[in-house]
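Undergrad: show me the folded form of this:
(one chain, ligands or ions: 1)
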Amino acid sequence: MLSIVTLISGRGSNFEAIFKTAQKEHWPVKFAGVIANHSAAKGLDFARSQGIPAFAIEHREHSTRESFDAALIEKIDELGANLVVLAGFMRILTPEFIRHFEGRLINIHPALLPAFPGLHTHERALEAGVAEHGATVHFVTEGVDEGPIICQASVPVLPGDDADSLAARVLAAEHQIYPRAVKWFLDGRLRIEGNQVQVQPPESQLIKL
Ligand code: GAR
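TA: Modelled structure (predicted):
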């Protein structure tokens, strides 16, 4: 059975969506652990309530990014991970970390990449006046918010939207695509070719909501 380790920094609603879908659909998968970079991360409570091992590795206790990431690698390897899921993990990862988990490290970003990498995506989408916004699940490579795209969900930007209303619409879309992308990975359906991801057999890699 394949194992997933999830990294979070906050409320962990994407992890919850993945976990609940896995339960509902009886995925043969082990949720080996959830790790946060600080103990106040709310998502740790949900993990514990489900009997999933949950840990905080305090980034503030590490004087360098390298030392924090080395501690993370050690814990993830100890838990045994076929797939590492970044679900609102707000730390920049070192090249060593990314190389260690290459091909089995995925992230969700709240924008239609390559548009709006980085922070404050909803505010920036509103400022730019785009008609569509959304979310992207992608394999992680060394560039921040780069890497082969597994799937995307687009949502309309509506008149009267503010960053909160847009974020809520995007988050609902995230909760649809992240479980789908994880399942594709677990089912061995993803092929990375250059900077592109093929799903086999083919299935739409874009949901329009
Ligand atoms: C989500 O919107 C996710 O896309 C974003 O953080 C939020 C976490 O929510 N991730 C990033 O911005 C990564 N750069 P959650 O903790 O409820 O899943």
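Undergrad: could you list which residues are in contact with whichever residue of the chain sits closest to the ligand?
TA: With Cβ to the nearest ligand atom as the measure, G88 is the residue of the chain nearest to the ligand, at 2.5 Å. C-beta: built from backbone N, CA, C; applies to glycine. Applying Cβ atoms under 8 Å, 6 or more residues apart in numbering, one finds that G88 lies in contact with 8-14, 43, 108.
Undergrad: wait, does the lengthiest helix in the chain contact the ligand?
TA: For the chain, the helix reaching the highest residue count under DSSP state H is reported as helix 163-186. Yes. Between helix 163-186 and the ligand, judged by Cβ under 6 Å from any ligand atom, the touching residues are 171, 174.
Undergrad: tell me the buried residues in that helix?
TA: Of all the residues in helix 163-186, those buried under the rule 16 or more other Cβ atoms under 10 Å are 166-167, 169-171, 173-186.
Undergrad: how about the contacts of G88 in CSV, adding pLDDT and secondary structure?
TA: As requested, these are exported to CSV (pLDDT from 0 to 100; DSSP: H, G, I helix; E, B strand; the rest coil):
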residue, pLDDT, secondary structure
I8, 98, strand
S9, 98, coil
G10, 98, coil
R11, 97, coil
G12, 98, coil
S13, 98, helix
N14, 98, helix
G43, 98, helix
I108, 98, strand
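Undergrad: list the buried residues of whichever strand or helix holds F19.
TA: Using DSSP states H and E, F19 sits in helix 13-24. The neighbour-count check on helix 13-24 (16+ other Cβ under 10 Å) flags 13-19, 21-22 as buried.
Undergrad: check stretch 61-68 too.
TA: Neighbour-count burial for stretch 61-68, counted by 16+ other Cβ under 10 Å, picks out 62, 68.
Undergrad: what does stretch 139-157 give?
TA: When neighbours are counted by 16+ other Cβ under 10 Å, the buried residues of stretch 139-157 are found to be 139-141, 145-155, 157.
Undergrad: can you check stretch 45-62 too?
TA: Neighbour count says stretch 45-62 has 46-47, 52, 54, 57, 59, 62 buried, by 16+ other Cβ under 10 Å.
Undergrad: how about stretch 27-38?
TA: Neighbour-count burial for stretch 27-38 flags 27, 29-38 (criterion: 16+ other Cβ under 10 Å).
Undergrad: for stretch 68-81, same thing?
TA: For stretch 68-81, by 16+ other Cβ under 10 Å, it's 68-73, 75-76, 79, 81.
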